[in-house]
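Undergrad: prediction below, plus the sequence it came from.
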Amino acid sequence: MKLAILGGGGVRIPLFVRGVLSRPGASFREICLFEPDQARRETIGRLAVEVAGALGHPGVVTVTPDVQEAFTGADFVFSAIRVGGDRGRLIDEEVALRRGLVGQETTGAGGCAMALRTIPVVLSYCDVLARYAPSAVLINFTNPAGLITQAISLHGAVRAVGVCDTPSGALDRLAEFLEADRDEVAFSYGGLNHLGWISSFRVAGRECIGTLLERYEELQRFDHRFAAFDPAFVRGLGAVPTEYDYYYYEPRRYVEAVAKAGASRGADVLRLNIGLIGDIAKAFEAGDVHDAWHAYITQMRIRRASYMRTDMAGEAMPLAAPADSLDGNTAAAADHDLGDLGRAGAGADRPGGYEGVALAVIAALTGRRPASVIVNTRNGASLPFLDPDDVVEVPAHIDGGGVAPLAGGTLPRSARGLVTQVKEYEREVVSAAVTGDAERAALALALHPLVPGVTVAREMMSEYRERHGPDLAYLH
């Protein structure tokens, strides 16, 4: 099979390539990275190519600035682009934070601006994909993943499914907390991307959601992502929220935490990525792939160690991070010896992170390993309070016949209300993007529960259009 990756110069791509190719039975004859930026092709793209060679797959990974070349013959396409780059993210956050509002990249005003920049670009790629690989399946990682997948589902002439590792990561951590075998866990999960709840957690047939709620303080000490929420509030919900629900439940705490840290997550990531690309380039000049991998993984440790800590605790990004700061199977990637790295990955039978979700979807769609996977897909009747064509994040049965959403479980009443409001905002953002209507975009933003009304929404949309320039020039 051929896999094409839109955004092949993204910072996670070398880890992704390593994760995919070090699994037993890797079945890709070609992984083609599409990256228009020359500096990223020559650093991150080159690193991915040489990592593949070091893992015994020379020639499998290629890099190109030509999207037609990337798509031709593709069976699957991963979309992981960031229109406007890291500086665009920083603008998204700053415009909201200056008004005391949540400025997170996928949520609220920041997520709206990111979606408006991204939807026309992604849909244009869908048109190209439909011409050069009409039978390919697009697997969308591009954020805000649910909203972008909704746009593709309604207006893209391709088969698409959206993926995110947030829910699966939360389920894995809950299983570890209860010292349960993940294969014995059954669960109910539902919501939208970055707005979901686990309402049932069964181990070997025994319901454990009550145990998790009773021991929630212990769970918070076990994993800082669960520390975002007040235990009494969570027990009142009767369900475990996933980490991004924090921005809805604690918006003031988020704004105060960013102020305490002195910089938003976007500012930290911009600085880190500039350093990362520079360090990889210097390492290749002075040495080989092992030196470049060392430089890369050092920076990625810092990124991982600081995940959500600025937003939740006001902690500035550290200058260094512990060796165990990469989660799941990607922790093995910290080994600087790429030969050992390949052997470390070969024994892992449950892929983790983004590559784990992606591989599970691909194995299921090809019919090799049908499975239930949490994805962003057309609702059908999985969440009965939403429209059938709405894209939701729920478990789905996936096999060679496609993606069939399963029941999303019984969400708390307040969660249903929140999901309903955010979905209406998402519908209107997609409509504004495909019509190019700036006023409609502002009115869509005003529907978001984290935006205090139409006046502020219009102010922010005007500022976004001015500061993003060409990326939002299509809005009239």
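TA: Received, thanks.
Undergrad: please count neighbours and contacts with C-alpha atoms only from this point.
TA: Noted.
Undergrad: tell me where the longest helix sits in this structure.
TA: When secondary structure is assigned using DSSP state H, the longest helix within the chain turns out to be helix 108-132.
Undergrad: direction included, what does the helix or strand following that helix pair up with?
TA: As assigned by DSSP states H and E, the chain's next helix or strand after helix 108-132 is strand 137-140. The strands beside strand 137-140 in its sheet (DSSP bridges) come out as strand 76-79 (parallel), strand 159-162 (parallel).
Undergrad: okay, the ones you listed in JSON lines with mean neighbour count and distance to G56 next?
TA: As requested, the strands paired with strand 137-140 are arranged in JSON lines below (neighbours: other C-alpha atoms under 10 Å; distance: least, C-alpha to C-alpha, whole Å):
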{"stretch": "strand 76-79", "mean neighbour count": "23", "distance to G56": "22"}
{"stretch": "strand 159-162", "mean neighbour count": "24", "distance to G56": "30"}
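Undergrad: hang on, S200 in a helix?
TA: No - secondary structure of S200, determined by DSSP: H, G, I helix; E, B strand; the rest coil: strand, with no helix assignment.
Undergrad: which residues does it form beta bridges with?
TA: With DSSP bridges applied, S200 shows beta-bridge pairing to S188.
Undergrad: quick one: residues contacting it.
TA: Contact analysis of S200 by C-alpha atoms under 8 Å, 6 or more residues apart in numbering lists 186-189, 207-209, 239, 409.
Undergrad: who wins on neighbours among these?
TA: Neighbour counts for the contacts of S200 were taken using other C-alpha atoms under 10 Å; the highest belongs to Y189, with 28 neighbours.
Undergrad: any chance you could list what contacts stretch 163-170?
TA: With contact meaning C-alpha under 8 Å, 6+ apart, stretch 163-170 is reached by 139-141, 145, 193-194, 196, 242-243, 353-354, 357-358, 374-376.
Undergrad: from these, which land in strands?
TA: Among the contacts of stretch 163-170, the residues falling in strands (DSSP state E) are 139-140, 196, 374-376.
Undergrad: hang on, the earlier thing: any chance of the strands paired with strand 137-140 in JSON lines, plus mean pLDDT?
TA: Listed next are the strands paired with strand 137-140 as JSON lines, based on pLDDT from 0 to 100:
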{"stretch": "strand 76-79", "mean pLDDT": "96"}
{"stretch": "strand 159-162", "mean pLDDT": "97"}
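Undergrad: looking at these, which is closest to D86?
TA: Proximity to D86, assessed across the strands paired with strand 137-140 by C-alpha to C-alpha, is greatest for strand 76-79 (16.6 Å).
Undergrad: got the angle for the very next helix or strand once past the closest one vs helix 108-132?
TA: The first helix or strand that comes after strand 76-79 along the chain, using DSSP H and E, is helix 85-97. Orientation check (axes from the mean of the first three to the mean of the last three C-alpha atoms, to 10 degrees): helix 85-97 against helix 108-132 gives 150 degrees.
Undergrad: I'd like to know which elements helix 85-97 is packed against.
TA: Packing partners of helix 85-97 (3 or more C-alpha pairs under 8 Å, 6 or more residues apart in numbering; DSSP states H and E): helix 108-132, helix 265-286, helix 454-468.
Undergrad: the inter-axis angle of that helix versus helix 265-286?
TA: In terms of direction (the same axes, to 10 degrees), helix 85-97 departs from helix 265-286 by 160 degrees.
Undergrad: could you list the residues in contact with helix 85-97?
TA: Looking at what lies outside helix 85-97 - C-alpha under 8 Å, 6+ apart - the contacts are 102-105, 109-111, 113-114, 255, 264, 266-267, 269-270, 460, 463-464, 467-468.
Undergrad: and it, how far out from the chain middle?
TA: Offset of helix 85-97 from its chain centre (C-alpha atoms, centre = their mean, to the nearest Å): 17 Å.
Undergrad: quick one on the thing from earlier: I'd like the strands paired with strand 137-140 laid out as JSON lines, including distance to S22.
TA: Compiled in JSON lines, the strands paired with strand 137-140 are given as follows (distance: least, C-alpha to C-alpha, whole Å):
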{"stretch": "strand 76-79", "distance to S22": "18"}
{"stretch": "strand 159-162", "distance to S22": "24"}
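Undergrad: M114 and V429, how far apart?
TA: Distance, M114 to V429, by C-alpha to C-alpha, to the nearest Å: 11 Å.
Undergrad: and what of G402?
TA: For G402 relative to V429 (C-alpha to C-alpha), the value is 27 Å.
Undergrad: the two - which one has more neighbours?
TA: Neighbours per residue (other C-alpha under 10 Å) separate G402 from V429, with V429 holding more: 28 against 17.
Undergrad: is it true that the more buried one touches A441?
TA: Yes - counting by C-alpha atoms under 8 Å, a contact exists between V429 and A441, whose distance comes to 5.9 Å.
Undergrad: mind splitting the chain into its structural domains?
TA: 2-163, 255-346 (automatic domain parsing).
Undergrad: and stretch 366-378, what's buried?
TA: Buried residues in stretch 366-378, defined by neighbour count with 16 or more other C-alpha atoms under 10 Å: 370-378.
Undergrad: correction: the previous question concerned stretch 241-260.
TA: In stretch 241-260, the ones that count as buried by 16+ other C-alpha under 10 Å are 241-249, 251, 253-260.
Undergrad: from the residues you listed, which land in helices?
TA: 246-249, 251, 253-260.
Undergrad: tabulate the residues you listed in TSV, adding columns for distance to T118 and pLDDT.
TA: Supplementary listing: these in TSV, determined by distance: C-alpha to C-alpha, whole Å; pLDDT from 0 to 100:
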residue	distance to T118	pLDDT
Y246	24	97
Y247	22	98
Y248	23	98
Y249	27	98
P251	25	97
R253	29	96
Y254	25	96
V255	25	97
E256	29	97
A257	28	96
V258	25	96
A259	28	96
K260	31	96
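Undergrad: nearest to I44 among the residues you listed?
TA: Distance to I44 across those (C-alpha to C-alpha) is lowest for V258, with 29.2 Å.
Undergrad: quick one: residues contacting the closest one.
TA: Contacts of V258 by C-alpha under 8 Å, 6+ apart are 264-265, 310-311, 314.
Undergrad: rerun that using 10 Å as the cut-off
TA: Residues counted as contacts of V258 (C-alpha atoms under 10 Å, 6 or more residues apart in numbering) are 97, 102-103, 264-265, 309-316.
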